[in-house]
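Student: All I have is the shape, not the residue letters:
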């Protein structure tokens with residue numbers, strides 16, 4: 001543990017303690033000698049102004065003065081190596097958040113993170129290249145559209161926009177009360193109350209055009225109602241579950257699927273022969289079947305029968321392309 005981290009650990013120990021902390025415990029927590037500890041205590045008290053009280057003699061101990069200790073904070077921003085590692089990962093995520101979507105708005109914050117990532121003691125830069133973030137299936141997103149949409153969500157204002165649906169490729173104009181932004185599989189979605197349809201809907205933000213925040217306040221929908229309508233079924237498709245899918249995976253694929261999170265209410269079970277059976281609720285079968293198909297011959301749709309038949313049709317159509 002270097003001096004920077006020892007000072008931070010010492011401060012947190014003294015601030016959280018309701019009694020004098022014995023010298024042996026401090027030496028153990030800071031992984032240092034008696035002489036090093038006394039130097040750190042002196043630096044914290046004399047250079048940083050910490051209200052440290054000490055009891056000398058055979059049973060030496062330290063504490064923050066009652067009343068003053070609760071108010072005292074270290075100047076600036078002090079972080080442990082674990083916290084710096086978390087910021088390092090966040091720094092990479094910000095840098096790969098999309099072509100300008102968050103990068104522009106968060107550029108000042110990103111610069112501050114990069115400044116914090118330098119080692120205070122030696123000036124050595126932490127190895128940023130040791131963290132790798134790979135986006136998959138990320139769609140192009142207009143930065144201005146994202147900012148208007150996000151602003152309406154946070155400011156609780158109604159929103160008007162033009163929307164081109166992928167399934168039909170048709171345009172429609174919507175007036176909505178935005179509820180929340182959802183980041184799902186490297187893409188952004190907007191959960192709303194649609195005033196024209198008088199129902200909850202979810203829109204892909206990359207398909208939104210000409211967004212305009214209105215002066216009218218947004219209608220707030222309770223979180224439980226949002227989750228029941230938009231998050232209770234498999235994937236991003238809205239609607240309450242119409243059935244539970246039973247999926248069975250081979251011994252080989254089971255080692256992956258058993259550790260994967262498919263849905264918050266999923267049920268998994270190891271079968272005696274080493275296969276794995278997974279049950280998930282679904283409303284729209286499209287995304288569910290797409291995810292099952294990626295396992296190829298290692299996956300089987302067991303139930304319900306309608307879903308099994310739909311999968312057979314998908315496989316027959318796929319095979320037809322190779323005839």
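Tutor: Sure thing, it's come through. Since this is a predicted model, take the numbers as computed values, not measurements.
Student: quick one: the strands in the stretch 1-150 of the chain?
Tutor: Secondary structure of the stretch 1-150 of the chain (DSSP state E, counting those that start in this stretch): strands at 21-22, 52-55, 61-64.
Student: Please identify the buried residues of the second one?
Tutor: By neighbour count, and taking 16 or more other Cβ atoms under 10 Å as the criterion, the buried residues in strand 52-55 are residue 52. C-betas here are computed from N, CA, C, even on glycine.
Student: For residue 299, see how far away residue 315 is.
Tutor: Distance of residue 315 to residue 299, computed by Cβ to Cβ, to the nearest Å: 11 Å.
Student: what's the domain layout of the protein?
Tutor: Taking automatic domain parsing as the reference, the chain has its domains at 3-71, 81-130, 143-230, 243-320.
Student: By mean pLDDT, show me the worst of these.
Tutor: In terms of mean pLDDT, the lowest-scoring of those is domain 81-130 (a mean of 61).
Student: Give the buried residues for the longest strand seen in the chain.
Tutor: For the chain, the longest strand by residue count, based on DSSP state E, is strand 171-184. Using 16+ other Cβ under 10 Å as the test for burial, strand 171-184 gives 174-179.
Student: closest to residue 60 among these?
Tutor: Taking Cβ to Cβ as the measure, residue 60 lies nearest residue 179 of the buried residues of strand 171-184, at 57.4 Å.
Student: contacting residues for the closest residue to the closest one other than its chain neighbours?
Tutor: Once flanking residues are discounted, residue 179 sits nearest to residue 191: 4.6 Å by Cβ to Cβ, 6 or more residues apart in numbering. Listed by Cβ atoms under 8 Å, 6 or more residues apart in numbering, the contact partners of residue 191 are 178-182, 200-202, 226, 230.
Student: still on that earlier bit, for residue 136, find the nearest of the domains of the chain.
Tutor: Smallest distance to residue 136 across the domains of the chain (Cβ to Cβ): 6.0 Å, for domain 143-230.
Student: coming back round to it: compare residue 315 and residue 299 and say which is more crowded by neighbours.
Tutor: residue 299 (18 against 14; other Cβ atoms under 10 Å).
Student: Would you quantify the distance from the more buried one to residue 250?
Tutor: 8 Å.
Student: picking up where we left off before, JSON lines please, covering the domains of the chain and showing distance to residue 237.
Tutor: Listed next are the domains of the chain as JSON lines, based on distance: least, Cβ to Cβ, whole Å:
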{"stretch": "domain 3-71", "distance to residue 237": "46"}
{"stretch": "domain 81-130", "distance to residue 237": "23"}
{"stretch": "domain 143-230", "distance to residue 237": "8"}
{"stretch": "domain 243-320", "distance to residue 237": "4"}
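Student: which one of the ones you listed lies closest to residue 137?
Tutor: Among the domains of the chain, domain 143-230 comes nearest to residue 137, with 5.6 Å by Cβ to Cβ.
Student: Tell me the strands beside the one helix or strand residue 162 maps to, with direction?
Tutor: Taking DSSP states H and E as the criterion, residue 162 maps to strand 157-164. Here strand 157-164 is paired, per DSSP bridges, with strand 171-184 (antiparallel), strand 208-217 (antiparallel).
Student: which residues does the spatially most central residue of the chain contact?
Tutor: By Cα atoms, centre = their mean, the mean C-alpha position of the chain lies nearest to residue 183, the distance being 8.5 Å. The neighbours of residue 183, taking Cβ under 8 Å, 6+ apart as the test, are residue 189.
Student: returning to that earlier point: who touches both of residue 315 and residue 299?
Tutor: With Cβ under 8 Å, 6+ apart as the test, residue 315 and residue 299 both reach residue 293.
Student: got the residue ranges for the helices in the stretch 151-300 of the chain?
Tutor: 223-230, 251-257, 285-293 (DSSP state H, counting those that start in this stretch).
Student: So which of these is nearest residue 75?
Tutor: helix 223-230 (39.0 Å).
Student: And for residue 265, the neighbour number?
Tutor: By other Cβ under 10 Å, neighbour count at residue 265 equals 13.
Student: Quick check: the nearest residue to it once chain neighbours are set aside vs residue 234, distance?
Tutor: Excluding the flanking residues, the one nearest residue 265 by Cβ to Cβ, 6+ apart is residue 281, at 5.9 Å. To residue 234, residue 281 is 6 Å away according to Cβ to Cβ.
Student: any chance of the strands of the stretch 1-150 of the chain in a markdown table, plus distance to residue 323?
Tutor: Listed next are those as a markdown table, based on distance: least, Cβ to Cβ, whole Å:
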| stretch | distance to residue 323 |
| --- | --- |
| strand 21-22 | 77 |
| strand 52-55 | 81 |
| strand 61-64 | 79 |
